[in-house]
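1. what follows is a predicted structure for the sequence shown.
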Amino acid sequence: MSSKPEIADALTIAEIDRDGALLEAVANLYGSSRADFLRGAAFASAAVALGLALPSEASASPKQDVGILQFDLAFEYLQSTFYTQAVRDRTVARMKPEKQRWAHVLGTHELAHVAILKDVLGKNATKKPFFNFHGVTESEEAFTKTAVAMEDLTVALLAGQAPRFSNPALTSAVFSLLTTEARHAAWARRLSGARPVAAAFDEPKTLKQVSRVVQSTRFIAARPQTGRRGKPRYTG
Amino acid sequence: MRLRLDGQFDRSSFLGRTLAASGAVALAGFAAGSGRSAAAGPSEEQNIRILNFLLRLEYAQVALYDGGVSAGALRGELREFAEVCGDQDRKHVDSLRAIVGDKAQAQPSFRFGDAVRNPARFTAAALTLEETASAAYIGQAANLTKDRLSDIAGIVAVDARHAAWIRAIAGRNPAPHAADPAKTVRQVMRTLARTKFVEQA
Amino acid sequence: MLRRRRRLAAAVVGITALIVAALVLGGSHGTPRAPAADQDPAALLPDPVAPAFKPTLRPADFTTPASRWAPVVRPAEATRVPGGRAPIARLATSTPEGTANMVLLQPGVRVVHGRMWVRVRLPVLPNNTTGWVRRDVLGGYGEVRTRLVVDRRLLTARLLRDGREIFRARVGVGAPRWPTPSGDFYIRNKLTTFDDAFYGPVAFGTSARSAVLTDWPAGGFIGIHGTNRPDLLPGRVSHGCIRMANDDILRLARLMPVGTPVTIH
């Protein structure tokens, strides 16, 4: 499983992705150690690291179903933007054809997941977060490693959540997403040279655990303020 | 018809709407001609029947992979696939048997013929079994009780990884759907019968 | 002979076990069924529950080209080449208007001494300057599908989305003494709710700067805004800004996000 971090930190081993690949990939880009990265030493400001909002309902109910789907949608935004950006960064264009096909298929699937969850949730749909991938999508190696970790994390998320819906039709629908993401994960692993399936059982993660991992990557960023009230001083 | 969760919901109206939605789709969708509704309701007893049904598929996978490894005709990644997935599916069998307890179905007899000796036929057989198992799991997921579902979610995911792996080995798209489809029990049994892998008494 | 008897014995045991299993499993179904090595579970099992939703694949829209911008999150130096020493520009984290400073991303990524550098369009003089900055001085990337094209000869401003025109207006541009610069720029910020009819209801700041009004307060940035003198439009009448009728700027404001690239012919 994951190696122990050498720091006393709020994040426990269970809350860090399985093999630390996400953190490793991101920390490397900052020339930082994982420990420093976790402490936020790489970042200029003391900005709060953002995670994904957790549902307020604690027990199985239609309201909790909505909360779980809202979380899933936010996570799908993370995935779809991750792939979209790698395409725009031309990182995908530099890959060999087989890997390009992988990136395009996965991106298309994640966009389809975003679209359907947005549709189902309607005005309860989560707003798309603003993402900063810290250069991960601009390096083929970092992107690939992170994709592997992210897909594994998605499987853990859905393995944990699919059984929790109060509505059986949602259970069915989300189980289909679980197997699809598991295929994504196996495919990504194989392309990265790793064994497609590392263990006999995929361990589930709670929403809180998933949120902490996402938070630790600092991929979710505060939206920059580009508009203001106030008098212009342009040349006119 | 698609479920919408965009309104202000109070419990009663939400449940009413969603049951109507899922009910309507259930009638219109699967199980043409079976006449059985999905509303039988999860129960411990039904769990056992479902898990035994799924266990049968895991047995078939283990038998095929073990057969392939011992026949010695598999090379390279295909051999690795058979060894790794054989081991993992064996653990799935153990897990399902432990859950079901003394009502666990015994392993049927299988005969794979040259599917274990011929790499191309092995690949096709593995692909069929993995895809069928995945679709079977998706089909029965919502019919299990919540705790059983939690028990097997990790198995379902790994079986899907197996499916993707063998598809990749076969040069096919590992993830052909944005959301994998379910199969009815009838469809699964028909697929299994067509393979002629299960020996009849 | 012995082997066959053992096999028969094993088969009997097996079949007996199956009969017992059938009796146990088939409880509510009354009479025990004749067991088969693969008893038909289809008779005993429910159908799948139809899924509440099914995603549909649509042609990937992430392959259509889009423009990206990024905020400057720490004070930075832009250099002529990646990892270069001599800065060609210094970038602050905010604009004179108090909004997040931003740059337009250009194609180009390099890793120098283990650090990633990216190429960007800069809001500096001389106009049309691009340079390289460290990736980690920038925040996340925003994406826009729009482009504004201003024609100083025809006195038009057109907004394109995915290459198709969705807005057009007649404009006023810089008078000969204070020309609107030509080249590639981007919308840097958007100001609203100010009480100055000279600029109309909404004013956009661009990355373009007046090459002549170099002492102008707040950097002499070229804006795109409304006007209290629509009678002057279209015409070469301003200090460099691109002016349009107030109705038009309000319409544009609904269609054009900050970060949109601007080409001025």
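-> That came through fine. Residues are numbered from 1 along each chain as shown, chains lettered A, B, ... in the order given.
2. C-alpha only now, for contacts and for neighbours.
-> Fine.
3. next, count neighbours for the closest residue to chain C within chain A.
-> Across chain A, the shortest distance to chain C (CA to the nearest CA) belongs to A:N132, at 3.5 Å. A:N132: 23 surrounding residues under other CA atoms under 10 Å in any protein chain shown.
4. list the contacts for it?
-> A:218-221, C:139-141 (CA atoms under 8 Å, 6 or more residues apart in numbering or on different chains).
5. which ones among these map onto strands?
-> Using DSSP state E, A:220-221 are the members of the contacts of A:N132 that sit in strands.
6. measure B:G76 to B:S70 for me?
-> Shown here: B:G76 relative to B:S70, a distance of 15 Å by CA to CA, to the nearest Å.
7. look at those two and report which has more neighbours.
-> Legend: neighbour count by other CA under 10 Å for B:G76 and B:S70, higher for B:S70 (13 against 7).
8. against B:A63, how distant is the more buried one?
-> For B:S70, the distance to B:A63 - CA to CA - is 11 Å.
9. and if you look at B:I166?
-> Distance of B:I166 to B:A63, given as CA to CA: 16 Å.
10. could you pull out the helices in the chain for me?
-> No chain specified, so I'll use chain A. Under the criterion DSSP state H, chain A contains helices at A:21-29, A:34-39, A:62-88, A:97-121, A:140-161, A:168-191, A:207-217.
11. actually it's chain B I care about, not the one you picked
-> Ranges of helices in chain B, per DSSP H, are B:11-28, B:44-71, B:76-100, B:119-141, B:146-169, B:185-195.
12. any residue of the last one touching chain C?
-> Same thing as helix B:185-195. Yes. Under the criterion of CA under 8 Å from any CA of the partner chain, chain C is reached by helix B:185-195 at B:185-186, B:189.
13. can you name the residues that contact C:L125?
-> Applying CA under 8 Å, 6+ apart to C:L125 gives the contacts C:209, C:211.
14. actually B:P174, not the one I typed
-> A:183-184, A:187, B:163-168.
15. ok, now C:P261?
-> By CA under 8 Å, 6+ apart, C:P261 lies in contact with C:67, C:104, C:146-148, C:184-187.
16. state the distance from the closest residue to A:R190 other than its chain neighbours to A:W102.
-> In space, and not counting its chain neighbours, A:R190 is closest to A:P196: 5.0 Å by CA to CA, 6 or more residues apart in numbering or on different chains. Counting by CA to CA, the gap from A:P196 to A:W102 is 14 Å.
17. for these two, indicate the residue with more neighbours.
-> Each of A:P196 and A:W102 has its neighbours counted (other CA under 10 Å); A:P196 has more, 25 against 19.
18. report pLDDT for that one.
-> What the model reports as pLDDT for A:P196 is 97.
19. distance check, it against A:D119.
-> Counting by CA to CA, the separation of A:P196 from A:D119 is 32 Å.
20. one more: C:T156?
-> For C:T156, the distance to A:D119 (CA to CA) stands at 39 Å.
21. how about low-confidence regions in the chain?
-> Here I'm looking at chain A. Applying pLDDT under 70 to chain A flags the ranges A:1-48.
22. nope, chain C
-> C:1-43, C:61-63.
23. so what's the residue count around residue 181?
-> I'll assume chain A. By the measure other CA under 10 Å, the count of residues near A:E181 is 29.
24. ah, I was thinking of chain B
-> Residues within reach of B:P181, counting by other CA under 10 Å, total 21.
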